[in-house]
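Asker: Kindly return the folded structure for what I paste below:
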Amino acid sequence: MRIGMFGGSFNPIHNGHIELAKAFYQALSLDRLLLMPSYIAPHKFVDKPVFPDQRYEMCCLASKGIEGFEVSNIEMKRHGASYTYLTLQELHLLYPEDELFLLTGADMFMTIHEWKKPQVIFELATICGVPRNGDDIHKLEQQAAYLQTLGARTELLDASVMTVSSTEIRRRVKAGEDIAGMVAPSVQKYIKEHYLYHQ
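Answerer: Numbering: from 1, shown residues only. Model prediction:
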């Protein structure tokens, strides 16, 4: 099988995440797509983050009913910083006969060679990226060529996806502004019911 791993803080998961994941799923002919909420993202600090199990639950709500989508708690169970190489090693043990694809946005694709133990990442998964807009496809193509010199296998998705920011969603919630259309209705309801991001 072809399995895609799409990780992140998902704080909260939004419609841009889901659109991007769907685009990867279709373009790469994936059999399964694993949404992988991090326990602690090593590259990102968020003031007053919500509990990991709440981010996990929002991922479950946002992906419910989408063909091929699953939410994995591998990084949640491991605790500590959620290093991608460790997650891929664990996935490889779980699915030794399957092909793994690491799905990233533009920012992550441009910095992945600086992550912890990048050679392990390159060995275990094809690195997939998508431009934020038409202008940065050339930067990603140059980065893909560089990653290939390091031994990585790469795939670039030439697609236009919705630009949504989790930071902007948190700001809007705190300010009492509407986030309809930015997150799934079930996620919006969960945020309201659990009083997330209001402080």
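Asker: Now do the helices in this structure.
Answerer: Using DSSP state H, the helices found in the chain span residues 15-27, 52-63, 74-78, 84-94, 106-111, 118-124, 137-149, 166-175, 185-193.
Asker: Quick one: closest of these to Leu35.
Answerer: helix 52-63 (4.9 Å; Cβ to Cβ). C-beta: built from backbone N, CA, C; applies to glycine.
Asker: so how far is the closest one off the chain centroid?
Answerer: The chain centre lies 13 Å from the centre of helix 52-63; the measure is Cα atoms, centre = their mean, to the nearest Å.
Asker: CA atoms of that helix as PDB?
Answerer: What follows is helix 52-63 as a C-alpha-only set of coordinates in PDB (Å, rounded to 0.1, in the frame of the first residue of the first chain):
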ATOM      1  CA  PRO A  52      -2.900  17.000  22.900                       C
ATOM      2  CA  ASP A  53      -6.000  14.900  23.200                       C
ATOM      3  CA  GLN A  54      -8.100  17.900  22.300                       C
ATOM      4  CA  ARG A  55      -6.100  18.400  19.100                       C
ATOM      5  CA  TYR A  56      -6.400  14.700  18.400                       C
ATOM      6  CA  GLU A  57     -10.200  14.800  18.800                       C
ATOM      7  CA  MET A  58     -10.500  17.800  16.500                       C
ATOM      8  CA  CYS A  59      -8.500  15.900  13.800                       C
ATOM      9  CA  CYS A  60     -11.000  13.000  14.200                       C
ATOM     10  CA  LEU A  61     -13.900  15.400  13.800                       C
ATOM     11  CA  ALA A  62     -12.400  17.200  10.800                       C
ATOM     12  CA  SER A  63     -11.600  13.900   8.900                       C
END
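Asker: mean confidence for it?
Answerer: Averaging pLDDT along helix 52-63 yields 96.
Asker: Could you list the buried residues of that helix?
Answerer: Burial within helix 52-63, assessed by neighbour count using 16 or more other Cβ atoms under 10 Å, is assigned to 52, 54-63.
Asker: From Lys64, how far off is the closest residue to Leu61 other than its chain neighbours?
Answerer: Distance criterion Cβ to Cβ, 6 or more residues apart in numbering; nearest residue to Leu61, sequence neighbours excluded, is Ser186 at 4.1 Å. Plainly put, Ser186 is 7 Å away from Lys64 if you go by Cβ to Cβ, to the nearest Å.
Asker: Also Asp178?
Answerer: 22 Å.
Asker: ok, now Glu75?
Answerer: Here Glu75 is placed at a distance of 20 Å from Lys64 (Cβ to Cβ).
Asker: Which residue of the two possesses the greater neighbour count?
Answerer: Set side by side, Glu75 and Lys64 show more neighbours around Glu75, with 24 against 11, by other Cβ atoms under 10 Å.
Asker: Phi, psi for the closest residue to that one other than its chain neighbours please.
Answerer: In space, not counting the residues next to it along the chain, Glu75 is nearest to Ser82; the distance is 4.1 Å by Cβ to Cβ, 6+ apart. Here is the backbone geometry of Ser82 (degrees, to the nearest 10): phi -90, psi 80.
Asker: these two touch, right, Ser82 and Tyr39?
Answerer: Yes. Under the criterion of Cβ atoms under 8 Å, Ser82 is in contact with Tyr39, at a separation of 5.1 Å.
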